[in-house]
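> Next input, structure requested:
(chains A and B)
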2 protein chains.
Amino acid sequence: MKIAVDAMGGDFAPKAIVEGVMLAKQKHPEIEFQLYGKEDAIREFITDEKNITIIHTDEKINSDDEPVKAIRRKKTASMVLAAQAVKEGKADAIFSAGNTGALLAAGLFIVGRIKKVERPGLMSTLPVLGEGPGFDMLDLGANAENKPEHLHQYAILGSFYAKHVRKITNPRVGLLNNGTEETKGSELTKEAYKLLNAEESINFVGNVEARDLLDGVADVVVTDGFTGNAVLKTIEGTALGLMTLLKGSITDAGTKGKLGALMLKDTLYSLKDKLDYSSHGGAVLFGLKAPVIKTHGSTGPEAVATTIDQIATMLDTNVVGQLVQFFETEDHQ
Amino acid sequence: MKIAVDAMGGDFAPKAIVEGVMLAKQKHPEIEFQLYGKEDAIREFITDEKNITIIHTDEKINSDDEPVKAIRRKKTASMVLAAQAVKEGKADAIFSAGNTGALLAAGLFIVGRIKKVERPGLMSTLPVLGEGPGFDMLDLGANAENKPEHLHQYAILGSFYAKHVRKITNPRVGLLNNGTEETKGSELTKEAYKLLNAEESINFVGNVEARDLLDGVADVVVTDGFTGNAVLKTIEGTALGLMTLLKGSITDAGTKGKLGALMLKDTLYSLKDKLDYSSHGGAVLFGLKAPVIKTHGSTGPEAVATTIDQIATMLDTNVVGQLVQFFETEDHQ
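Numbering: from 1, shown residues only, chains lettered A, B, ... in the order given. The predicted structure follows:
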């Protein structure tokens, strides 16, 4: 199992990335890591050289680079070389904490789509509040526009992931809509409803509303990239804003409140953990010929290691290979 | 000033509605209220008959009635009669806590659109977390689909409301998008961006992201009804889920945590208040010839009174009349 790592992507690269790889090595001594980037800078954080190969390059893609241009012009950027390694079969998956748009472009133009999958989607496993394994949602913004057929494919992709990678039996697939009734929605969601309802390979539970997502109303939620992006960012903004407000209220509450806050510290920390998406792994650009995984730019070593766990499971279960086969043998668009 | 009240709409009607009207009367002795619904049931909660007229009807629209059908078939339903009173000039505005879809239909088909306004939008004033007057967002779901021209009109409508009703000087209008750069977005938002950017009557501040809404990044946020609905419901679901989780964590935290919680009680209550949309008034179906206002079905007397405050301000400032004039004199689609 070989993972191509863009060691230069992310706010704390290469430190956080390489330290994360070192952490992951303890759990996965069998994985061969290819670290793409500045050799000197990378080597500084390597504590165990076994199964580590450094592929030196001076070029990297910055967070403010225009994605498609960057991929086309910076031909020796760490991310581009890592993607090329996957394309050429030298690596099985690519990991990056760098420019999301550029990684999407590298995934599409270098790694390439699974045959018949029209528009790969960005997918994350989001936490539920309360008990439950969380839910996979896609597209979270790889596309600004989608057709009903794309949502149909997202349902199949997400269902495969929930089943094989997350080990959920018969995962419930929901369509994000503006009401739960079958007749609700835009032209896009009405058409998508019909396609999902007729798809025998998935367990379609109908329309779901944004209000119920964090309650775990479905194991897989499909939506177009524009709406998915808005919903994801709304969850983040609301959760973060509330935590900040809560902190602020506590500070304002005087001695009594501060004492209370001190006593509630553990509670607040466990709440924060619950909201920490990085503990659920990275976002998958799903529908490509190999796992292409992105984590937050601000990600730390632990989250990098968690994400490598996730990649290992994707490779172990051969979820992408199974999808390739599914789309080849079935009559899917 | 005459307000037509659908006294039978909402989970606690007519009690909560009539009690709310009684509360509102104390602050607005000048308003004439027309209460539509079952006379006996309404009369039970009337403590001051001055400026109150009851228009008896046995028929009402239920929360699960199909909106358009209900409006067409239940010709003497309390909501329909109230809307007709507005149409005939017997009342200046309509208030209901009933079936949202039916009220939208009553607004469109009975009260009627402002000339040149193609698709009235559902607008609410949402709170910001932290300091600030909140922001108006539309469309929150009156439409499942919108064109760029509709978003252009929403910007004008929302800007008028923020300026005249909420007394915000030069309100900042933002376009909800999947990135802040001008080039971002779907075909809809890219086209809408151009229209908003060229509109001289508003203070367009560009694209805003869902993540930053609750920080008060704009005073008016325009979006299509599908996305607006999803974002609103995501805010509700996330906030509610977090509060529940926080409560749960506190209960689980043992004696120490409970003591802490007790001490934080005031803090938590002020947080809850902050999130209580009803304290910011009802949702306006905006773009119609008269104020058509909806509150949550589960609304209590205080929220009814707050919403009547809001209607009084809308009527005092003649915001709808000014909009009619704007669209008549300017060259707007």
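> what does the host helix or strand of A:V324 contact?
Assigned by DSSP states H and E, A:V324 belongs to helix A:319-329. Surrounding helix A:319-329, the residues in contact under the criterion C-beta atoms under 8 Å, 6 or more residues apart in numbering or on different chains are A:114-117, A:156-157, A:160-161, A:164-165, A:201, A:287-291, A:314, A:332. For the C-beta atoms, the positions are set from N, CA and C on the backbone; glycine is no exception.
> again, only this time at 6 Å
A:I114, A:K116, A:F160, A:H164, A:V165 (C-beta atoms under 6 Å, 6 or more residues apart in numbering or on different chains).
> okay if I get the residues you listed as CSV plus neighbour count, pLDDT and distance to chain B?
Formatted as CSV, those follow (neighbours: other C-beta atoms under 10 Å in any protein chain shown; pLDDT from 0 to 100; distance: C-beta to the nearest C-beta, whole Å):
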residue, neighbour count, pLDDT, distance to chain B
A:I114, 22, 96, 24
A:K116, 16, 95, 24
A:F160, 22, 96, 25
A:H164, 18, 95, 28
A:V165, 20, 95, 25
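> so which pair among the residues you listed is furthest apart in space?
Greatest spacing in these, by C-beta to C-beta: A:K116 and A:V165 (20.8 Å).
> just the helices in the stretch 1-150 of chain A please.
All helices of the stretch 1-150 of chain A, identified by DSSP state H, counting those that start in this stretch, fall at A:15-27, A:39-43, A:67-73, A:78-87, A:100-106, A:148-164.
> Quick one: distance of the second one to the chain centre.
Read that as helix A:39-43. 27 Å (C-alpha atoms, centre = their mean, to the nearest Å).
> Tell me where the stretch 201-333 of chain A is predicted with low confidence.
Low-confidence segments of the stretch 201-333 of chain A, defined by pLDDT under 70, are located at A:248-280, A:330-333.
> Could you tell me which residues of the stretch 51-200 of chain A lie near chain B?
Applying C-beta under 6 Å from any C-beta of the partner chain, we find that the stretch 51-200 of chain A lies next to chain B at A:L129, A:G141, A:A144, A:E145, A:N178, A:G185, A:S186.
> Could you write me a ChimeraX select line covering just the buried ones among the residues you listed?
Per 16 or more other C-beta atoms under 10 Å in any protein chain shown, the buried members of these correspond to this ChimeraX selection:
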select /A:129,141,144,178,185,186
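> between the residues of the stretch 51-200 of chain A next to chain B, which is nearest A:V217?
For those, the nearest to A:V217 is A:L129 (11.9 Å; C-beta to C-beta).
> quick one on the thing from earlier: could you check the angle the helix holding A:V324 makes with helix A:148-164?
Inter-element angle recorded for helix A:319-329 and helix A:148-164: 130 degrees (by axes from the mean of the first three to the mean of the last three C-alpha atoms, to 10 degrees).
> Of all the residues in helix A:319-329, which ones are buried?
Going by 16+ other C-beta under 10 Å, helix A:319-329 has these buried residues: A:V319, A:V320, A:L323, A:V324, A:F326, A:F327.
> now stretch A:9-26
Result for stretch A:9-26 [16+ other C-beta under 10 Å]: buried residues A:9-10, A:12-25.
> next one: it to chain centre, how far?
The answer for stretch A:9-26 is 17 Å, by C-alpha atoms, centre = their mean.
> just checking, what packs against the lengthiest helix in chain A?
Ranked by number of residues, the top helix in chain A under DSSP state H is helix A:225-252. The contact analysis (3 or more C-beta pairs under 6 Å, 6 or more residues apart in numbering or on different chains; DSSP states H and E) places helix A:225-252 against helix B:225-252, helix B:265-275.
> residues of the first one that come out buried?
Spelled out, that is helix B:225-252. Here helix B:225-252 shows B:225-239, B:241-243, B:245-246, B:249-250 as buried, counting by 16+ other C-beta under 10 Å.
> Near A:E182, how many other residues are there?
A:E182: 13 surrounding residues under other C-beta atoms under 10 Å in any protein chain shown.
> now do A:P67
16.
> Quick check, it in contact with A:L103.
No. Counting by C-beta atoms under 6 Å, A:P67 does not reach A:L103; the two are 8.2 Å apart.
> Excluding chain neighbours, what is closest to A:P127?
A:G134 (4.8 Å; C-beta to C-beta, 6 or more residues apart in numbering or on different chains).
> so the one you found touches A:T125, yeah?
Yes. With contact defined as C-beta under 6 Å, A:G134 reaches A:T125; the gap is 4.9 Å.
> Counting neighbours, go ahead and name the busier of those two.
Taking other C-beta under 10 Å, A:G134 and A:T125 do not tie; A:T125 has more neighbours (24 against 19).
> For the residue nearest the centre of chain A, name its beta-bridge partners.
Most central in chain A under C-alpha atoms, centre = their mean is A:A283, positioned 0.7 Å from the mean C-alpha point. Taking DSSP bridges as the rule, A:A283 bridges to A:K294.
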